[in-house]
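Visitor: Pasting the sequence and the predicted model now:
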Amino acid sequence: MRERERLIKLKNPKLRKIRLEFRRVLLKDYQKRLNEFHEERARLQAKRAALVLSYDNYLLAVRPVIDQASNLRKNFSASIVVCATCRDIEGDHIFSLRDKVWYCLECYEILEKSYMKEIEALKKLN
């Protein structure tokens, strides 16, 4: 582990439980907000299908909805709430400076080993 990477590790079972419940609340809110974006997009598609909206107006209306949903997904994936690889919400997480996301410890170890093997292979090529 490099010096500047951040590891958030809790040993106290009560604190681990509180963290897990907090992550579950955030995950539930994320899913709710994402569903709202999907419903809004479906509503706009229905208007378009009923010819209430022209194609150009549909695109103008749906673009911000798509962008907001995409932003929400990106920000949630990069948060400490979930592992960027396996989507784990229970375990301790470590921040990767190289990738700018949080990983669970298991995924982080696998990715670091893979990264080191890649570096060694590149050195052999030179």
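Guide: Yes, it's here. Numbers count the residues shown, from 1 in each chain.
Visitor: Give me the nearest residue to the spatially most central residue of the chain, chain neighbours excluded.
Guide: Centre of the chain computed as the mean C-alpha position; nearest residue by CA atoms, centre = their mean is Ser77, 0.8 Å away. For Ser77, the nearest residue in space outside its immediate sequence neighbours is Ala84; the separation is 5.9 Å by CB to CB, 6 or more residues apart in numbering. Placement of C-beta: from N, CA and C, glycine included.
Visitor: What is the burial count for the one you found?
Guide: Other residues near Ala84 number 20, with proximity taken as other CB atoms under 10 Å.
Visitor: Now do the SS call for it.
Guide: Using DSSP: H, G, I helix; E, B strand; the rest coil, the secondary structure recorded for Ala84 is coil.
Visitor: before we move on, back to that, I'd say the residue nearest to the centre of the chain and Lys100 touch.
Guide: No: counting by CB atoms under 8 Å, Ser77 does not reach Lys100; the two are 10.8 Å apart.
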